[in-house]
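Asks: Turn this into a structure:
(chains A and B)
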Amino acid sequence: MFKKLLISILFMVPFSVYSADVPITGNVQSRCVITTDTPGVYGNPNAYTLTTASTDGGVQPIVRYDVTLANAYYVEITAPSSFSSSPSLPDTVTWTGNTEVKTVSDATNMGSYETSKVEYGYTDKYDLTATGSVWFKTSSTASLGGNKAFPGGNYTALVNVECIAK
Amino acid sequence: MKKLIVMLVLLMSSPLYAHEMTPTYPKLSPSHLDNVYKTTMEMFNKRSDVEYYEIGVFDADWNPIPFVTSYQVIRIRYLGHVTFDVYIRKSDVSRATYICSISKLRKDSSTKTQIASRICSKFK
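Replies: Okay, the predicted model is just below:
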């Protein structure tokens, strides 16, 4: 009886040695990720207008922000106010542009983003107060002065999207 | 639940063009050089349309501050990951507020809008 007990205890000793916990460590950093979901395209509804409006054959650029830390970032999105590349133009261009929240991943905590935004010039500033994803869409229209026709060629304009730590 | 599934399907089906830089709040610490501080940043390029990013250091009013990195314009291939050190003079440490990376776009041959992305971390 005593021998059996002793053998059992001896078997248990090594198991207690190997039962140490093995830690798994990881490091998740807070971040803001800017993702271009849709690059925009200008439609050309008439000779003197280029626009991203879908009714005129354009496509609005859509950008997504993913934030993993609440109240740590603000967003500034600036609609174009000039072409970054274009043919030589015979007159000045009048620009209009605006940015809006398209979709949010958390309607409860992000529902006020659009109403709380600050607008100055072509730039819209949003405070990202919650974690999750927000999609923004930007509209842009360029009209050539005197209703003159845009010369044939390729036109590109830049939308500047920024995510800045607070 | 349905909304979550729809959101996931949309995320998985759309192509990704993402720009990311960490940490959000880097810290400057003394480097191996006298009177020079450094911090280490990481970038991940998921924008297939962008291969180069420019680094900048700014004060609270967005005035540029002199700094040194291995390259001021860093090449990061699509899905590439880069870790880089930024060196700042001790005399500029108190002014340095933001460190930013901005995408450098190539001239394109179509009529469209291009998206220039900039992410700024803040020294704390």
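Asks: For A:Tyr73, give me its contacts.
Replies: With contact taken as Cβ atoms under 8 Å, 6 or more residues apart in numbering or on different chains, A:Tyr73 is in contact with A:Cys32, A:Tyr65, A:Val67, A:Leu128, A:Cys163, A:Ile164, A:Ala165, A:Lys166, B:Thr24. Using the backbone N, CA and C atoms, a C-beta is placed for each residue, glycine as well.
Asks: looking at the sheet around it, what are its partners?
Replies: With DSSP bridges as the criterion, the beta-bridge partners of A:Tyr73 are A:Leu128, A:Ala165.
Asks: Equivalent analysis for the one 4 residues further on, please.
Replies: With DSSP bridges applied, the residues forming beta bridges to A:Ile77 are A:Asp124, A:Val161.
Asks: Give the next helix or strand downstream of the helix or strand of chain B with the lowest mean pLDDT.
Replies: Across the helices and strands of chain B, mean pLDDT, DSSP states H and E gives its lowest value to helix B:2-13, namely a mean of 42. Of the helices and strands lying after helix B:2-13 in sequence (DSSP states H and E), the nearest is strand B:18-22.
Asks: residue closest to the middle of chain B?
Replies: Centroid check for chain B by Cα atoms, centre = their mean gives B:Ser101 as the closest residue, at 3.0 Å.
Asks: Where does that residue sit, in terms of helix or strand?
Replies: Using DSSP H and E, the element containing B:Ser101 is strand B:98-104.
Asks: show me where the chain has helices.
Replies: Just going to use chain A. Assigned by DSSP state H, chain A shows helices spanning A:2-18, A:107-110.
Asks: Hmm, no, I was thinking of chain B.
Replies: Ranges of helices in chain B, per DSSP H, are B:2-13, B:90-93.
Asks: give me the low-pLDDT residue ranges for chain A?
Replies: A:1-20, A:25-29 (pLDDT under 70).
Asks: so who does the residue nearest to B:Ser91 when sequence neighbours are not counted touch?
Replies: Nearest residue to B:Ser91 in three dimensions, chain neighbours excluded: B:Asn35, at 7.5 Å (Cβ to Cβ, 6 or more residues apart in numbering or on different chains). Each residue near B:Asn35 by Cβ under 8 Å, 6+ apart is listed here: B:Arg89, B:Lys90, B:Ser91.
Asks: B:Ile55 contacts B:Ser103, doesn't it?
Replies: No - the pair B:Ile55 and B:Ser103 fails to qualify as a contact (Cβ atoms under 8 Å) at a distance of 11.6 Å.
Asks: more neighbours, these two?
Replies: Neighbour comparison, B:Ile55 and B:Ser103: the larger count goes to B:Ser103, with 25 against 20 (by other Cβ atoms under 10 Å in any protein chain shown).
Asks: Excluding chain neighbours, give the residue nearest to A:Tyr122 in space.
Replies: Once its chain neighbours are removed from consideration, A:Tyr122 has its nearest residue in A:Ala79; the separation is 4.4 Å (Cβ to Cβ, 6+ apart).
Asks: circling back to that earlier point, could you give the angle of the strand holding B:Ser101 to strand B:18-22?
Replies: Computed with axes from the mean of the first three to the mean of the last three Cα atoms, to 10 degrees, the direction of strand B:98-104 lies at 160 degrees from that of strand B:18-22.
Asks: which helices and strands sit right next to strand B:98-104?
Replies: When contacts are defined as 3 or more Cβ pairs under 8 Å, 6 or more residues apart in numbering or on different chains; DSSP states H and E, strand B:98-104 packs onto strand A:156-165, strand B:18-22, strand B:36-46, strand B:52-58, strand B:112-122.
Asks: Compute the inter-axis angle for that strand and strand B:36-46.
Replies: Going by the same axes, to 10 degrees, strand B:98-104 makes 40 degrees with strand B:36-46.
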